[in-house]
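>>> Here is my input, please return the structure:
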Amino acid sequence: MTVLTGIVVLLLAAAWTTHHAVIAFRADSETENRLRVVWISLFLVFLLQTFMYHLEGVPRLTDRTVRQLASAHVSILIPVYNEDPGYLKLGLESFLRQTRLPDSVHIVDDGSTSSDYADVRAWWEEAARKAGVATTWQRVLNGGKRHAQAHGVRVSAEADIYITCDSDSCFAPSAIEQVLLPFARPRVQSVAGIVIATNNRVNWLVRVTDLWFVVCQLVDRSGQSALGAVMVNSGPLAAYRADVIRDNLGSYLNETFMGRSVMFSDDSLLTLYAQQRGLTVQQPQAICFTAMPEKWSHFTRMYLRWMRGSTIRSVWRMRYLSPARPAYWLHAMRWLQMVLTQMVVLWLVLVEPLLYGQMPPGSMLVIPFLIGYAQGLRYLSIIRSDERIRSRALTWLMMPLAIVLAWTVLRFLRWYGIFTCARTGWGTRQNGAEVTLGGQSSPPPPEAAAQSTYVRAVDPWDESTLEIRQYRAHTQAP
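Here you go, the predicted model:
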C-alpha cells in the first residue's frame, strides 16, 4: 500500500509539473508548435510503456503442466574465466539449496589464468554427488564464453531446458522453480530472471548500478514481457528450451560483424533465436544475485560492451525478425524513443537558445526526476532479508544521481559504443577477477545470499497457491 500510494503521489506530481511546463511553452506559440509533435510522441511512448509493464504476469498451472515441468531435465551451463573462487563457490552452493534442484550442472573453465579452482572443484563434485545432481567439470583452451557454453551443451544431450548463468551468479532459493513456470505455455521459448546485486552496499557506484539495472528490468523488460517480446535475457539467469540453443549452435559460435568475430552479446543473440520461434518472457519471481562493478573503469568497459552488442543486435533484429512479431515494433519504438529524446535535449539546450533566444523552462528539469522516482519505486518491491528497508530506501533516494549519469556520461558512452561497435572484444577480466567476495566491506555469507535470503518481486503469483504446492511436491518427490 505504501508503494502504491507513493506511485500515485509521484505520478500526480509529474502531471502537475507537465502542466506547468506546457503553460510555460504556451508563452511562446512558436516554441510550442516546433515541439508539439515531439512532446506528443514521447508522452504516448511513456504512457504505453507504463501501461504495458503493469500487465506482466505468470500463467496458472494445470496438473498436466505440473507433471511436465517436474519431469523436464534441467541443465545449468556455467562458463568460468578468471572468476573469484569465493563467488564461484557461492553460486555453486546456491544450486544445491534450491526448492527444485537442477538435474545436471556443467562447468567449463575457459582456460583461466588466475586459478585452476582445484579446491572448489573437489568440494563441488563431492557435494553434487551427495545431492544427486549430475555434473561435469571441463578445463579447455580459452575460446570465449560462447564456446565454453557449447562444451556444456555437447555433454548434456538429455537436457530439455538449459539455464544459462555467469560464474558469479547466486540463485535465490526458488530461482529454478520459478524460472521454469512460464514454460507451462508451449509457445514460451525463453525466460529471463531478475538480477540484483550481491555487493549492493559496497559503494555509491554499485548502489546506483543496482537501482538502474533493477528498474530497467521491472519497467522496460516487464513491458516487453507482457507482449512475449523480451529483447535481451540477463546473463546471470535465463532459461531456454534446449532446441533453441542446440539448433542454432553453429551460427551462435560463428557470428561475425563487419568481418570480425563477435565475442559478446551472447544473451541477446540467444534471445533473438528464441524470438524467432515464439514468446520470450520474464519471470519476476526468479531472482539471481550477481557481482556488480565496484570501480568506474570496470563499469565503463562493461557498459561499452553492452552498447556495442546492442548496436549489432539491432541490425540483426531488423534483418531477421518478422514485422508480424511484437518484438520487431518494440525494437523500432525503442530506437524512436532514443532518437526523439536526444533530439529534444539538443533542441532545448542548443537550438532554442542560439536561434530563437528561448531558454528551456525550469519546470522541464523536474519532470525526469519525478518520473524516475515513480518508476524507481519498483526497486522497493524486491525484499531482501539481508538488507533493511531503510538501506534500500537510501538507494532509491539516489535516483537523481542515476538520472544525471544517464543523461550525461552514459549518453555519451552509448553513442560512443554505437560508433565503435566494430570493436568486438570482451574487454573485462583479462587479468583476473575485478570483483572479489573477500574484497567487500561486509561480504554476505552463503546462508545470507543463497539459503535464507527471501526475495519477492511484484507479481500476482502467490507461493501459497495449490499449483505451487503441487509443483513442489512433484519436483521434490524421490
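>>> Report how many residues lie close to residue 335.
12 (other CB atoms under 10 Å). (Glycine included, C-beta is placed from N, CA and C.)
>>> what's near enough to touch it?
residue 314 (CB atoms under 8 Å, 6 or more residues apart in numbering).
>>> can you confirm it is in a helix?
Yes - according to DSSP: H, G, I helix; E, B strand; the rest coil, residue 335 belongs to a helix.
>>> Surely residue 98 and residue 174 touch.
Yes - counting by CB atoms under 8 Å, residue 98 does reach residue 174; the two are 7.2 Å apart.
>>> Pretty sure residue 152 sits against residue 104.
No - with contacts counted by CB under 8 Å, residue 152 stays clear of residue 104, the gap being 9.3 Å.
>>> Comparing these two, which shows the higher neighbour count?
Higher neighbour count among residue 152 and residue 104: residue 152, with 24 against 19, using other CB under 10 Å.
>>> Next up, the contacts around that one.
Residue 152 neighbours (CB under 8 Å, 6+ apart): 75, 77, 78, 79, 106, 107, 108, 136, 138.
>>> will you turn these into JSON lines that also has pLDDT?
Listed next are the contacts of residue 152 as JSON lines, based on pLDDT from 0 to 100:
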{"residue": "75", "pLDDT": "98"}
{"residue": "77", "pLDDT": "98"}
{"residue": "78", "pLDDT": "97"}
{"residue": "79", "pLDDT": "96"}
{"residue": "106", "pLDDT": "98"}
{"residue": "107", "pLDDT": "97"}
{"residue": "108", "pLDDT": "97"}
{"residue": "136", "pLDDT": "97"}
{"residue": "138", "pLDDT": "95"}
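>>> Name only those of those that count as buried.
In those, burial by neighbour count holds for 75, 77, 78, 79, 106, 107, 108, 136, counting by 16 or more other CB atoms under 10 Å.
>>> and which of the residues you listed is nearest residue 199?
residue 78 (19.5 Å; CB to CB).
>>> list the contacts for the closest one?
Residue 78 touches 91, 92, 105, 106, 107, 108, 152, 165, 166, 167, 169, counting by CB under 8 Å, 6+ apart.
>>> I'd like to know the beta-bridge partner residues of it.
residue 107 (DSSP bridges).
>>> Show me what counts as buried in stretch 394-406.
Within stretch 394-406, judged by 16+ other CB under 10 Å, the buried ones are 395, 396, 398, 399, 402, 403, 405.
>>> nearest to residue 62, of the residues you listed?
When those are compared against residue 62 (criterion: CB to CB), the nearest one is residue 396, at 38.8 Å.
>>> which residues does that closest one contact?
Per CB under 8 Å, 6+ apart, neighbours of residue 396: 211, 373, 376, 377, 379, 380.
>>> same thing with residue 139?
Contacts for residue 139 (CB under 8 Å, 6+ apart) come out as 108, 109, 111, 116.
>>> cool, and residue 205?
293, 294, 295, 296, 299.
>>> Next: residue 217.
By CB under 8 Å, 6+ apart, the neighbours of residue 217 are 192, 194, 195, 234, 282.
>>> taking these one by one, which sit in helices?
Using DSSP state H, no member of the contacts of residue 217 sits in helices.
>>> closest to residue 56 among those residues?
Distance to residue 56 across the contacts of residue 217 (CB to CB) is lowest for residue 282, with 6.8 Å.
>>> isn't the closest one right next to residue 195, touching?
No - the pair residue 282 and residue 195 fails to qualify as a contact (CB under 8 Å) at a distance of 10.8 Å.
>>> In terms of packing, which of these two has more residues around it?
Of the pair residue 282 and residue 195, residue 282 is the one with more neighbours under other CB under 10 Å, namely 30 against 25.
>>> From residue 183, how far off is the more buried one?
Taking CB to CB, to the nearest Å as the measure, residue 282 and residue 183 are separated by 13 Å.
>>> and for the two, which residues touch both?
With CB under 8 Å, 6+ apart, residue 282 and residue 183 have common neighbours residue 191.
>>> ok, back up a step: mind checking which of the buried residues of stretch 394-406 land in strands?
Among the buried residues of stretch 394-406, no member falls in strands (DSSP state E).
>>> what two of the residues you listed are the furthest from one another?
Those two in the buried residues of stretch 394-406 that are separated most widely, counting by CB to CB, are 396 and 405, at 15.4 Å.
>>> Name the nearest residue to residue 158, ignoring sequence neighbours.
In space, and not counting its chain neighbours, residue 158 is closest to residue 73: 5.1 Å by CB to CB, 6 or more residues apart in numbering.
>>> and what of residue 261?
Residue 261's closest residue in space is residue 424 (CB to CB, 6+ apart), at 6.5 Å.
>>> do the same with residue 249
residue 150 (5.9 Å).
>>> does that neighbour count as helix, strand or coil?
Applying three-state DSSP: residue 150 is helix.
>>> quick one: contacts for it?
249, 252, 253.
>>> And the pLDDT for residue 193?
On pLDDT, residue 193 comes in at 96.
>>> ugh, wrong one, residue 348
So residue 348 comes in at 73 (pLDDT).
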